[in-house]
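A.B. asks: With the input below, show me the fold.
(one chain, ligands or ions: 3)
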Amino acid sequence: MPSQRRTRQSNRPHRDWVKGERKRQRNVDADDEHVGTGHEAMRPKEITITSQTAEGEHGEVIQVRSGHYHVQLRDSGRTFVCRTKRGITTDNPNTTLVAIGDRVQIQPMNDTEGVILHVAERATWLGRKGAGERGIEQVIAANADLLLCIVAADRPDFRRTIIDRFIVAALLGKLRPVVVVNKIDTANPEIREILADEVAVYLTLGYPVLSISAQSGEGMEKLQELIAGNTAVLAGQSGVGKSTVMNRLLGNELRRTAEVRHNDRRGVHTTVDSVLHLLPTGGRLIDTPGIREFGIWDLQPEELDGYFTEFLEHLRNCRYLPCTHTHEPNCAVRKAVESGLIDPGRYASYLSIFDSLR
Ligand SMILES: Nc1nc2c(ncn2[C@@H]2O[C@H](COP(=O)(O)OP(=O)(O)OP(=O)(O)O)[C@@H](O)[C@H]2O)c(=O)[nH]1
Ligand SMILES: [Mg+2]
Ligand SMILES: [Zn+2]
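C.D. replies: Ligands and ions are numbered 1, 2, ... in the order given. Just a heads-up that it's a prediction; the model follows:
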């Protein structure tokens, strides 16, 4: 029998959450503002949510580093190192106050410095569960088009779940996900075949899949072509090679990179800032710090199936509505997994993410 909780939720209009068009909450508590790692000290005490236009010059945040925001002005192209101002206003409640890619209004203080007065509503965002008990959404990047979900063929270990988490986050933040398997040079033909099998499901779901080597250059033209005309954000665990990809595409060793640890095969969190660069081959690319845990923000467990698009055609046949597809009898999603219509790896990710949302 459906639990009380699920019975109550069944009053909610089903279509609202299946389509992922749930309205985001707009109430804000200034104390909940989280400005990302290292930004706490810079946290302004008064934050107002408003959609009214502030005075000041329009620009875009092109670098974020511990409370310093490099803002490039729209008209002159000049860059100012900015801080946030007491009384700053934002159209993005309950999230990181200023993120890379944000459109802002600033007041220049002198030739090189300024203060941010207002942050405009984000068209897209890559968000995750912020640290801290009262956690608010931590926005890793704003206003990008593509989310490049970078995983490594080896070191750090290849994991499917992280891709599926990123795809859910991309859909929540209106970004187009691209699956990128880097370090393909380290894989022998046998491993290449195994990896190709693992990621084939994303192609059938309609998400581009690329195998690349930022080191040897293999597959990089295809990545360039995808990025051209777009703003793309590199995201993934530490050590997967995000900054190496950026350097390769810039044709410049601008970003520091570091070897993955030998003992536990993990990255060492080399990148601590976020930057947005114009690529010589077209398009714009954002490099971000590596993440350890990627928690999904702003989603009820019962809403998760709406973000696994291949579940949609099955879930209307589940006996219970809503059905969590975890244990209910006569669950059409589980039947589809058993009969091979849904990829078992995707279902395993669904269960893992479902568990983490509870
Ligand atoms: N073999 C191989 N090594 C690579 C490739 N791309 C990156 N690496 C290496 O992987 C290590 C980590 O690369 P980074 O670019 O620092 O990784 P990152 O994702 O930016 O890591 P964080 O900044 O910590 O998040 C470095 O030693 C790179 O040289 C590749 O295509 N093949
Ligand atoms: Mg890096
Ligand atoms: Zn079900």
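
A.B. asks: Does ligand 1 have contacts with whichever strand or helix holds Thr161?
C.D. replies: Here Thr161, judged by DSSP states H and E, is contained in helix 160-172. No: Helix 160-172 is not in contact with ligand 1 by CB under 6 Å from any ligand atom; minimum separation 12.4 Å. C-beta: built from backbone N, CA, C; applies to glycine.

A.B. asks: Partner strands of the strand or helix carrying Gln107, with direction?
C.D. replies: Assessed by DSSP H and E, Gln107 sits inside strand 103-108. Within its sheet, strand 103-108 is paired with strand 57-65 (antiparallel), strand 113-119 (antiparallel), according to DSSP bridges.

A.B. asks: which element follows the helix holding Thr161 toward the C-terminus?
C.D. replies: Next helix or strand after helix 160-172 toward the C-terminus (DSSP H and E): strand 176-182.

A.B. asks: which helices and strands sit right next to that following strand?
C.D. replies: Applying 3 or more CB pairs under 8 Å, 6 or more residues apart in numbering; DSSP states H and E, one finds that strand 176-182 contacts strand 146-152, helix 160-172, helix 189-204, strand 209-211, helix 242-250.

A.B. asks: and the helix holding Thr161, C-alpha only, in PDB?
C.D. replies: Only the C-alpha atoms of helix 160-172 are listed here, as PDB (Å, rounded to 0.1, in the frame of the first residue of the first chain):
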ATOM      1  CA  ARG A 160      28.600   6.200 -14.000                       C
ATOM      2  CA  THR A 161      26.600   7.700 -11.100                       C
ATOM      3  CA  ILE A 162      28.400  11.000 -11.300                       C
ATOM      4  CA  ILE A 163      27.300  11.400 -15.000                       C
ATOM      5  CA  ASP A 164      23.700  10.700 -14.000                       C
ATOM      6  CA  ARG A 165      23.900  13.200 -11.200                       C
ATOM      7  CA  PHE A 166      25.200  15.800 -13.500                       C
ATOM      8  CA  ILE A 167      22.500  15.100 -16.100                       C
ATOM      9  CA  VAL A 168      19.800  15.600 -13.400                       C
ATOM     10  CA  ALA A 169      21.500  18.900 -12.400                       C
ATOM     11  CA  ALA A 170      21.700  20.000 -16.000                       C
ATOM     12  CA  LEU A 171      18.000  19.400 -16.600                       C
ATOM     13  CA  LEU A 172      17.100  21.200 -13.300                       C
END
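
A.B. asks: Name the surrounding residues that touch it.
C.D. replies: With contacts defined as CB atoms under 8 Å, 6 or more residues apart in numbering, helix 160-172 is touched by 20, 126-128, 147, 149, 151, 175-177, 179, 198-199, 202, 207, 235-237, 294, 296-299, 304, 307-308, 345-346, 348-350, 352-353.

A.B. asks: Just the pLDDT at the residue positioned nearest the centre of the chain, thanks.
C.D. replies: Per CA atoms, centre = their mean, the C-alpha nearest to the average position across the chain is that of Leu126, at 3.3 Å. Here, the pLDDT recorded for Leu126 equals 97.

A.B. asks: got it, and Arg266?
C.D. replies: The score at Arg266 is 86. That number is its pLDDT.

A.B. asks: now the one 4 residues further on
C.D. replies: For Thr270, the pLDDT comes out at 90.

A.B. asks: got it, and Val18?
C.D. replies: Val18 carries a pLDDT score of 32 in this model.

A.B. asks: same deal with the one 10 residues further on?
C.D. replies: For Val28, the model assigns a pLDDT of 32.

A.B. asks: re earlier: when you check ligand 3, which of the contacts of helix 160-172 turn up near it?
C.D. replies: Applying CB under 5 Å from the ion, the subset of these adjacent to ligand 3 is empty.

A.B. asks: and these, which are buried?
C.D. replies: Buried residues within the contacts of helix 160-172, counting neighbours by 16 or more other CB atoms under 10 Å: 126-128, 147, 149, 151, 175-177, 179, 198-199, 202, 207, 235-237, 294, 296-299, 304, 307-308, 345-346, 349-350, 353.

A.B. asks: about what we covered before: near ligand 1 too, which of the contacts of helix 160-172?
C.D. replies: For ligand 1, no contacts are drawn from the contacts of helix 160-172 by CB under 6 Å from any ligand atom.

A.B. asks: Contact partners for the residue nearest to the centre of the chain?
C.D. replies: 139-141, 144, 147, 169-170, 173, 175, 233, 235.

A.B. asks: Looks to me like it is in a helix.
C.D. replies: No: looking at Leu126 with DSSP: H, G, I helix; E, B strand; the rest coil, it is strand, so not inside a helix.

A.B. asks: Would you mind measuring from it to Arg176?
C.D. replies: Distance of Leu126 to Arg176, computed by CB to CB, to the nearest Å: 12 Å.

A.B. asks: go on, Ala196?
C.D. replies: 22 Å.

A.B. asks: circling back: make JSON lines from the contacts of Leu126 and add pLDDT to it.
C.D. replies: Output for those, formatted as JSON lines (pLDDT from 0 to 100):
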{"residue": "Val139", "pLDDT": "95"}
{"residue": "Ile140", "pLDDT": "96"}
{"residue": "Ala141", "pLDDT": "98"}
{"residue": "Ala144", "pLDDT": "98"}
{"residue": "Leu147", "pLDDT": "98"}
{"residue": "Ala169", "pLDDT": "96"}
{"residue": "Ala170", "pLDDT": "97"}
{"residue": "Gly173", "pLDDT": "97"}
{"residue": "Leu175", "pLDDT": "98"}
{"residue": "Val233", "pLDDT": "98"}
{"residue": "Ala235", "pLDDT": "96"}
